[in-house]
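Enquirer: Can you look at this prediction? I've put the sequence above it.
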Amino acid sequence: MSFFEMTMLLCFGMAWPTSIYKSIKSKSTKGKSVNFLFIILAGYLAGILHKLFYNLDFVIVLYVINFLMVLTDIILYYRNRRLEQINEC
């Protein structure tokens, strides 16, 4: 286990609830980049795979939690985009 890897994941992980909350409340895609979210998601997936294949320890839990939060934000992005399209009609 790497203390620094764990610290990085905890710090990044603290930002996602705020982003998810903003997506829920605003019901808007403004200020969001779905491409950026997919890049971050791919990075967390790479971290999970590395842990599974090379260095399994409990830090994988932090990768999975962060992965799920980013996935939630992506789902909310598409929900909000649909809401924006409905409101345009």
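Expert: Yep, it's here.

Enquirer: Report the secondary structure state of the residue nearest to Ile65 when sequence neighbours are not counted.
Expert: Ranked by Cβ to Cβ, 6 or more residues apart in numbering and with sequence neighbours excluded, the top spatial neighbour of Ile65 is Gly13, at 6.2 Å. Heads up, the C-betas are built off the backbone N, CA and C, glycines and all. Reducing the assignment to helix, strand or coil with DSSP: H, G, I helix; E, B strand; the rest coil, the entry for Gly13 is helix.

Enquirer: ok, Gly13 touching Met69?
Expert: Yes: A contact is recorded between Gly13 and Met69 when judged using Cβ atoms under 8 Å, the distance being 7.0 Å.

Enquirer: Have a look at the two and say which one is more surrounded.
Expert: Set side by side, Gly13 and Met69 show more neighbours around Met69, with 20 against 16, by other Cβ atoms under 10 Å.

Enquirer: just checking, that one touches Trp16?
Expert: Yes: A contact is recorded between Met69 and Trp16 when judged using Cβ under 8 Å, the distance being 3.7 Å.
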